[in-house]
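Novice: Show me the folded form of this:
(2 chains, ligands or ions: 2)
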Amino acid sequence: MSNVLEVRDLVVSYGKVEALRGLSLTVGDGETVSLLGNNGAGKSTTVGAISGVVRVTSGTITAFGKDVTNAKPWDLVEMGIIHVPEGRRIFSRLTVHENLQIGGYAVSDTSVINQRIKQVYSLLPRLAERRSQQGGTLSGGEQQMLAIGRAMVSGPKLLMLDEPSMGLAPLMVAQVMDVVRDIREQGTSVLLIEQNARSALRVATRGYVIDSGVVTIEAPAEQLRADPRVVEAYLGK
Amino acid sequence: MDFEYLLQLILNGLFVGSFYGLVALGYSMVYGIIKLLNFAHGDIYMLGAFSGYTLLTIGAGVIGGQASIAVLVVIMLIAMVLTGTVGLILERVAYRPLRGAPRLSVLITAVGASFALEYGIAVSFGPNPRVYPVRLGNEAFTIFGARLTYAQLAMMLIAVALMIGLDQAVRRTRSGRAMRAISQDPKACLLMGINVDSVITRTFFIGSALAGAAGVMSGAYYGKIDFLMGFIIGLKAFTAAVIGGIGNLRGAVLGAIVLGLLESFGTAWLGSEWRDVFAFGFLILFLTVRPTGLLGERVTERV
Ligand SMILES: Nc1ncnc2c1ncn2[C@@H]1O[C@H](COP(=O)(O)OP(=O)(O)O)[C@@H](O)[C@H]1O
Ligand SMILES: [Mg+2]
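Specialist: Ligands and ions are numbered 1, 2, ... in the order given. Next up is the predicted model:
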């Protein structure tokens, strides 16, 4: 299995704060990899660095065999890497449909964009019903669906989700995870960041636990589910 | 007051308002997308007038003294490209390096850019006013007793066409959608693959081109231009943008019309020396009582 993403010895600092201190991870083609860790562990910084919005101090990021360390975010999107940010960040004063169109910004063929929007609507019929509503009027769960749908319109090969279940009711979390599963089935590789380890490890094939900017555990998902350190720190009783 | 006089005041207000509108749009667009008050924007208008002046002077032998609207439109389009280009250079050179810098530094830079443009023109063309090489004809017609020249009508129609064109572009095109998205959340736009820098460049180009168009029209209509002519109109456009709700494009046009009408009626009652007092009185009124303007949305701060 070839890797779509390889991160090696990544170091990122915000001023004096070293958020990542030599972090390495890989995502294989078609894999769903989960990134677990407490608040402040460096999860968002890691995806930010991969998607080109956070500056890398040292280390390398390779995507589809190409060095993309500190590449421009729009070039990365064009390569098929998309990042659904923490807190969803949909455009609240654009309509649902316009949000999805923005997702296709890097795609030049309008018919391809429309085709993908149609697919999103059939995967997420709630969005279709609300297509002319402003994004800000949606519920939290719907906004998360919109954020994921918007990302799908870009036609990603690697989808990175930063805490998609944050702030959602359990039923909604399950629905979001179902969507992630659907996307994975289509062959898209996924990097899933979660604090909600229980649901993340049900979807993921493999996982990393990071702490203070470095990977502390790496293992297949079922192994992580059984790992006493993970159970104690992230799965509770 | 009779009806004809009233109508005349309304027409005068709409005419002046259409100038303000063209300039206010650029102000509002730029503010909307990067929250920058581009105080050099009025000087871009001045630059448009001088570009038109230069082009007309060069071409005067060819077209003679009395310019047709068609010739003026061609001159205007060239001037729009020139001022648009100056606008985008201004953004690259002066504003982009300061993105993320404290607001005060950016504001000071904008004022500096304004002086640079004004005195750059003063050095090149001299400090004295220049007489425009062409004047628009004075032939007029009357509607319900109010008088409007054909030139005024043509300029208003051009202004309206430009405004509608911009409005539709912002609402319906891919670039327009990107502009609206950037005004809401530039970082999320980066993640969606939008080259935010190039959209900002485009915004400056379009806003500056519209101001340049207004500059050419003003030169041809009033007949006299000088290097400080952008100062007052810049403030007026800012006022119009604030009245309408800064960042909101339809608001900018609405604010410009309201301001034009206020000035028209205000000067009719109080005398023309009160015109600017009136305008800036309203600016202060809006800033204190309703800073979001007529159409402005409540600003929701992201946490
Ligand atoms: N923009 C920023 N400026 C300064 N420090 C930051 C910034 N973003 C994150 N950090 C710090 O970097 C560390 C990692 O943060 P983050 O990647 O957001 O963690 P996580 O997503 O795992 O909660 C934290 O200590 C956080 O305080
Ligand atoms: Mg985070």
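
Novice: check contacts around the residue of chain A found nearest ligand 2.
Specialist: Ranked by C-beta to the ion, the top residue of chain A for proximity to ligand 2 is residue A:44, at 3.2 Å. For every residue, glycine as well, the C-beta is placed using N, CA and C. By C-beta atoms under 8 Å, 6 or more residues apart in numbering or on different chains, the contact list for residue A:44 reads A:85, A:86, A:162, A:163, A:193.

Novice: what pairs with the nearest residue to the second one once chain neighbours are set aside across the strands?
Specialist: Read that as residue A:86. Nearest residue to residue A:86, sequence neighbours excluded (C-beta to C-beta, 6 or more residues apart in numbering or on different chains): residue A:162, at 4.1 Å. When bridges are called by DSSP bridges, residue A:162 pairs up with residue A:193.

Novice: Let me know the pLDDT of residue A:162.
Specialist: With respect to pLDDT, residue A:162 scores 96.

Novice: Count the neighbours of it for me.
Specialist: 25 (other C-beta atoms under 10 Å in any protein chain shown).

Novice: How is residue B:110 assigned, secondary-structure-wise?
Specialist: With DSSP: H, G, I helix; E, B strand; the rest coil as the basis, residue B:110 sits in helix.

Novice: my guess is it contacts residue B:38, does it?
Specialist: Yes: if you go by C-beta atoms under 8 Å, residue B:110 and residue B:38 touch, sitting 5.7 Å apart.

Novice: and for those two, which residues touch both?
Specialist: Residues touching both residue B:110 and residue B:38 (C-beta under 8 Å, 6+ apart): residue B:95.

Novice: Spit out the contact partners of residue A:43.
Specialist: Per C-beta under 8 Å, 6+ apart, neighbours of residue A:43: A:35, A:37, A:162, A:163, A:193, A:210.

Novice: Could you export stretch B:253-261 as CSV, CA atoms only?
Specialist: The C-alpha trace of stretch B:253-261 is given here as CSV (Å, rounded to 0.1, in the frame of the first residue of the first chain):
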residue,chain,number,x,y,z
VAL,B,253,-25.0,52.8,-3.6
LEU,B,254,-28.0,53.5,-1.4
GLY,B,255,-25.8,55.6,0.9
ALA,B,256,-24.5,57.5,-2.1
ILE,B,257,-28.0,58.3,-3.4
VAL,B,258,-29.1,59.3,0.1
LEU,B,259,-26.1,61.5,0.5
GLY,B,260,-26.6,63.1,-3.0
LEU,B,261,-30.2,63.8,-2.1
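
Novice: which residues of chain A fall in helices?
Specialist: Under the criterion DSSP state H, chain A contains helices at A:43-50, A:73-79, A:96-103, A:110-123, A:125-129, A:140-153, A:170-185, A:197-203, A:221-226, A:228-230.

Novice: With residue A:111 as the reference, measure out to residue A:127.
Specialist: Distance, residue A:127 to residue A:111, using C-beta to C-beta, to the nearest Å: 20 Å.

Novice: For these two, indicate the residue with more neighbours.
Specialist: Set side by side, residue A:127 and residue A:111 show more neighbours around residue A:127, with 24 against 8, by other C-beta under 10 Å.

Novice: picking up where we left off before, who's more crowded, residue B:110 and residue B:38?
Specialist: Between residue B:110 and residue B:38, residue B:38 has the larger neighbour count (other C-beta under 10 Å), namely 31 against 19.

Novice: what are the phi and psi values for that one?
Specialist: Phi and psi for residue B:38, reported as degrees, to the nearest 10, are phi -80, psi 90.

Novice: Can you verify my assumption that it contacts residue B:27?
Specialist: Yes: using C-beta under 8 Å, residue B:38 makes contact with residue B:27 at a distance of 6.6 Å.

Novice: Give me the common contacts of the two.
Specialist: Residues touching both residue B:38 and residue B:27 (C-beta under 8 Å, 6+ apart): residue B:207.

Novice: now for the helices of chain A, which one comes closest to residue B:6?
Specialist: Residue B:6 lies closest to helix A:96-103 among the helices of chain A, at 42.2 Å (C-beta to C-beta).

Novice: lowest confidence element among the helices and strands of chain A?
Specialist: Here the helix or strand of chain A ranked lowest by mean pLDDT, DSSP states H and E is helix A:228-230, holding a mean of 83.

Novice: contacts for that helix?
Specialist: By C-beta under 8 Å, 6+ apart, helix A:228-230 touches A:36, A:197, A:209, A:217, A:224.

Novice: number of nearby residues for the residue nearest to residue A:175 when sequence neighbours are not counted?
Specialist: Take residue A:175 and drop its neighbours on the chain: the residue closest to it by C-beta to C-beta, 6+ apart is residue A:141, 6.8 Å away. Residue A:141 has 19 neighbours, counted by other C-beta under 10 Å.

Novice: and if you look at the one 10 residues further on?
Specialist: For residue A:151, the tally of surrounding residues (other C-beta under 10 Å) stands at 25.

Novice: what residues are up against it?
Specialist: By C-beta under 8 Å, 6+ apart, the residues touching residue A:151 are A:82, A:83, A:84, A:103, A:159.

Novice: ok, the residues you listed vs residue B:148, which is closest?
Specialist: Residue B:148 has its nearest neighbour among the contacts of residue A:151 in residue A:103, at 48.2 Å by C-beta to C-beta.

Novice: what pLDDT does the closest one get?
Specialist: For residue A:103, pLDDT reads 96.

Novice: Can you report how many residues neighbour it?
Specialist: Using other C-beta under 10 Å, residue A:103 has 30 other residues around it.

Novice: Contact partners for it?
Specialist: Residue A:103 sits next to A:149, A:150, A:151, A:152, A:153, A:154, B:192 when contact means C-beta under 8 Å, 6+ apart.

Novice: in chain B, which segments are predicted with low confidence?
Specialist: Applying pLDDT under 70 to chain B flags residues B:1, B:60-67, B:297-303.
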